[in-house]
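S.K.: A predicted structure for the sequence below; I have some questions about it.
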Amino acid sequence: MTIIRVTCDSGHVIDLKPEEVSIIEGGTKFTFFCAECALGIEKRADPKILGILQSAGVKEGPAKLPEPDQHDVSAPAFTEDDLIDFHFTMDDDLEELLS
């Protein structure tokens, strides 16, 4: 099983399968998803690196991102009033800590 080791822009070292990496923009860049940062990462690559990626089984095409986490859509939306209440709760807690 081929493993491709990449580093995201934040310095996280990630081991990926070839199907988790895509070559994009006419073969000048590759892209992958960093689970640590929860971001899609795009990197430039010279022809040598792209050749290595292709020989490992990486395909050219659109980036494949993981499915978003499911959450309870029946929960009420967070409103501006909720934000104001949260602000005053935090402010009260801070005053209590400082006194």
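M.R.: Received, thanks. Nothing here was measured: the structure is a model prediction, and the numbers come from that model.

S.K.: tell me where the model's unsure across this protein.
M.R.: Filtered on pLDDT under 70, the chain yields the residue ranges 63-73, 94, 97, 99.

S.K.: again, only using 50
M.R.: For the chain, no stretch has pLDDT under 50.

S.K.: residue 46 - how many residues pack around it?
M.R.: Using other CB atoms under 10 Å, residue 46 has 8 neighbouring residues. (C-beta placed from N, C-alpha, C; glycine too.)

S.K.: 7 is where my numbering starts, stick with that
M.R.: Got it, the first residue is 7 from now on, which makes the last one we talked about residue 52.

S.K.: the host helix or strand of residue 92: which residues count as buried?
M.R.: Using DSSP states H and E, residue 92 maps to helix 86-104. By 16 or more other CB atoms under 10 Å, helix 86-104 has no buried positions at all.

S.K.: what's the answer for stretch 24-34, then?
M.R.: Neighbour-count burial for stretch 24-34, counted by 16+ other CB under 10 Å, picks out 24, 26-29.
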